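Asks: the following block contains a protein sequence and its predicted model.
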Amino acid sequence: MSKEINIEAKEQELNERLQRLEKLEADIKNKEKQMKEKEKAKKQVLLRLAPSLWEDLAKWADDDYRSINSQIEFLLAEAVRKRKE
């Protein structure tokens, strides 16, 4: 009888853990959805660059495993952060 009670208690504990995991998964999916919506709100900018600067940025971006757009955004964000210090 005690084994049966122990199994039922374990089953209840596992069900509770599963419910917590399902809630965490739903929270993560919700946050991912919010982040995607926030990303869509980015502003677009037309930027003209000298070909040599473009090539240098492209190599740097490749070295950092980023797209050129992400690299430019990263560099601008760093410049703004440093300016605020």
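Replies: Yep, it's here.
Asks: switch to C-alpha atoms for all contacts and neighbour counts from now on
Replies: Noted.
Asks: could you pick out the longest helix of this structure?
Replies: Ranked by residue count, the top helix of the chain under DSSP state H comes out as helix 2-40.
Asks: mean confidence (pLDDT) on the helix or strand following that one, please.
Replies: Using DSSP states H and E, the helix or strand that follows helix 2-40 in sequence is helix 51-63. Averaged over helix 51-63, pLDDT sits at 96.
Asks: oh, and call the first residue 10 from now on, that's how I've got it
Replies: All right, first residue 10 from here; so that's helix 60-72.
Asks: which parts of helix 60-72 are buried?
Replies: Judged by neighbour count using 16 or more other CA atoms under 10 Å, the buried positions of helix 60-72 are 66, 67, 70.
Asks: would you list these in CSV and tack on distance to residue 29?
Replies: Compiled in CSV, the buried residues of helix 60-72 are given as follows (distance: CA to CA, whole Å):
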residue, distance to residue 29
66, 45
67, 44
70, 40
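Asks: do you know how far residue 92 is from residue 38?
Replies: Using CA to CA, to the nearest Å, one obtains 35 Å as the distance from residue 92 to residue 38.
Asks: mind checking which of these two has more residues around it?
Replies: Using other CA atoms under 10 Å as the criterion, residue 92 and residue 38 rank with residue 38 on top: 12 against 8.
Asks: please read off the pLDDT at that one from the model.
Replies: Listed pLDDT for residue 38 reads 93.
Asks: what about it, distance to residue 29?
Replies: When residue 38 is compared with residue 29 (using CA to CA), they lie 14 Å apart.
Asks: just residue 48 next, same as before
Replies: As judged by CA to CA, residue 48 and residue 29 stand 29 Å apart.
Asks: got it, and residue 80?
Replies: 38 Å.
Asks: who's more crowded, the two?
Replies: Residue environment comparison for residue 80 versus residue 29 gives the larger neighbour count to residue 80, 18 against 12, counting by other CA under 10 Å.
Asks: so which strand or helix has that one?
Replies: When secondary structure is defined by DSSP H and E, residue 80 falls within helix 77-93.
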